[in-house]
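A.B. asks: here are the coordinates; sequence isn't available:
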């Protein structure tokens, strides 16, 4: 980590195959920041997130995320970077054949946890944080959409990440549930974990005003006003 920065990109060009999606990107996200990422479909929001979590390489410029240099990130280090990131997707991506507890345990075992008591304690701890401790033994289909997204946030918190990247986390939720999810993410940022949310939902942005970054015409504009 450079100073207080969790994410720092300087002069970065972002490509999807041979297509230049975003050029000369300069971006910083600091500890505990709560940041909106906006832009039309196809403007590069998801590509920017993919660079941060190591799914897309950097062709020009320099980038750092959670202490890792993205421009020189070996494939073998990508899983270690992702342990320092929590990722929240629109479509939940829960394992439908396993209970909520088993979903969390699966992720912990996949990321190197071995002590059974620590695993069980951590599962309870993150579910407590999102208000779902009582749903431990439930199957995903037994939960509402909002509850499933809370489980996804709990899953993202398992490895005590420095930042949560949320890609349209309220896209499948009704307005009231969307506000509950964003309030939860806001509270998480206030406890020191940075949160970066890509969204199309301008109502939710106005409800929870904060710093805004915009992808537009191949550029990333920092500190936009809408």
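C.D. replies: Yes, it's here. Just so you know, these numbers come straight off a predicted model, no measurement behind them.
A.B. asks: C-alpha from now on. contacts and neighbour counts both.
C.D. replies: Noted.
A.B. asks: give me the element the residue nearest in space to the middle of the chain is part of.
C.D. replies: In the chain, the C-alpha nearest the mean C-alpha coordinate belongs to residue 165, at 1.6 Å (C-alpha atoms, centre = their mean). Taking DSSP states H and E as the definition, one finds residue 165 inside strand 163-167.
A.B. asks: partners of that strand, with directions?
C.D. replies: strand 85-89 (parallel), strand 194-198 (parallel) (DSSP bridges).
A.B. asks: those strands: which one's closest to residue 10?
C.D. replies: Among the strands paired with strand 163-167, the nearest to residue 10 by C-alpha to C-alpha is strand 194-198 (17.8 Å).
A.B. asks: who is the residue nearest to the centre of the chain paired with across the strands?
C.D. replies: residue 87, residue 196.
A.B. asks: from residue 13, how far off is it?
C.D. replies: 20 Å (C-alpha to C-alpha, to the nearest Å).
A.B. asks: could I get the full set of helices for this structure?
C.D. replies: 45-52, 78-83, 100-110, 116-129, 145-157, 175-190, 202-207 (DSSP state H).
A.B. asks: okay, domains of the protein per the record?
C.D. replies: The chain breaks down by automatic domain parsing into domains covering 1-84+162-226, 95-160.
A.B. asks: pretty sure residue 219 is touching residue 24, no?
C.D. replies: Yes. Between residue 219 and residue 24 there is a contact under C-alpha atoms under 8 Å: 7.1 Å.
A.B. asks: tell me who's in contact with residue 173.
C.D. replies: 145, 146 (C-alpha atoms under 8 Å, 6 or more residues apart in numbering).
A.B. asks: for residue 94, see how far away it is.
C.D. replies: Residue 173 is 16 Å from residue 94, by C-alpha to C-alpha.
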